[in-house]
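> Predicted structure and sequence below. I'll ask about it afterward.
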Amino acid sequence: MATKIRLARHGRKSRPFYHVVVADSRAPRDGRYIERIGSYNPITNPATIELDVDRALYWLSVGAQPTDTTRRILAYEGVLLKKHLMGGVKKGAFDEATANAKFEEWKKEKLAKIQAQVTRLTNESESQSKARLQAEIKIKEAKAEIVAKKLADIAEAKAKAAAEARAEADAAATEAIAAAETPAAETPAVEAPVAEAPAAEVPVVEVSAAEAPAGETPVVEAPAAE
């Protein structure tokens, strides 16, 4: 039976999580498998890998073929290096203790590199977070300045309008007071002409000389004015 070391997908949509499994090459990708030897989470940075190195080495030694992705995972975890060292032991180039010592030394260097990468990424993330925070603070301050300027302009406009209104009111009040204190223009008195009553005309009564007694002047009474 041909066996393969491959990934079996798990996890929800857009959040994949994989199991490293040994399965029959004829089985579906996410179908039944013979053994699970690790896991792989590509979402984290760096990727999180858990692998049973001894079991992976065993399956490689019995002919299991890894896929391209799992081959990179096995190389990253040192399985291919250990297989190479074990091959040297079989050839008599060095003993198993030396092979294990070389593998442990490589593993320490690998862990140190991984830790340095994690530290660098953490520092970069913190720097980016601080930069974003500073940028947000500057944006907020700029917005606050704009709002304060607008409020100041509005307050200034209101104060100006109020001052103009007070000035107009004071001017109107001054005009009203001045108008009240100014004396009214005197109208020259026009003397109405006194109507002169027409003189009463005394009617002249002619008295004949024959009617008047001799030596007497006839007296004529004027009628009373009506």
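Happy to help now that I have it.

> Spell out, range by range, the strands that occur in the chain.
Taking DSSP state E, the strands of the chain run over residues 3-10, 17-24, 35-41, 48-51, 65-66.

> Name the stretch among those that sits most buried.
Stretch with highest mean neighbour count among the strands of the chain: strand 17-24 (a mean of 20; mean count of other C-beta atoms under 10 Å). C-beta here means a position set from N, CA and C on the backbone, and glycine is covered the same way.

> contacting residues around that strand?
1-11, 31-43, 51, 56, 59, 64, 70, 73 (C-beta atoms under 8 Å, 6 or more residues apart in numbering).

> Output that strand in CSV with nothing but the alpha carbons.
Output of strand 17-24 as CSV, limited to C-alpha atoms (Å, rounded to 0.1, in the frame of the first residue of the first chain):
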residue,chain,number,x,y,z
PHE,A,17,-6.2,24.6,10.3
TYR,A,18,-4.5,21.5,9.1
HIS,A,19,-3.6,18.1,10.5
VAL,A,20,-0.4,16.4,9.3
VAL,A,21,-1.5,12.8,8.6
VAL,A,22,-0.3,9.6,7.0
ALA,A,23,-2.9,8.2,4.7
ASP,A,24,-3.4,5.9,1.8
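
> where's that strand relative to the chain centroid, distance-wise?
Its chain's C-alpha centre and that of strand 17-24 lie 48 Å apart, by C-alpha atoms, centre = their mean, to the nearest Å.

> Could you do stretch 49-62 as well?
Taking C-alpha atoms, centre = their mean, one finds stretch 49-62 lying 54 Å from the centre of the chain it belongs to.

> can you list the residues that contact that stretch?
The contact list for stretch 49-62 (C-beta under 8 Å, 6+ apart) reads 3, 5, 20, 22, 35, 37-41, 66, 73-74, 76-80, 82-83, 86.

> cutoff 6 Å now
Residues from elsewhere that reach stretch 49-62 (C-beta atoms under 6 Å, 6 or more residues apart in numbering): V22, I37, G38, S39, Y40, I73, L74, E77, V79, K82, K83.

> Adding pLDDT, write those out as JSON lines.
Output for those, formatted as JSON lines (pLDDT from 0 to 100):
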{"residue": "V22", "pLDDT": "94"}
{"residue": "I37", "pLDDT": "95"}
{"residue": "G38", "pLDDT": "95"}
{"residue": "S39", "pLDDT": "95"}
{"residue": "Y40", "pLDDT": "95"}
{"residue": "I73", "pLDDT": "94"}
{"residue": "L74", "pLDDT": "94"}
{"residue": "E77", "pLDDT": "92"}
{"residue": "V79", "pLDDT": "93"}
{"residue": "K82", "pLDDT": "91"}
{"residue": "K83", "pLDDT": "91"}
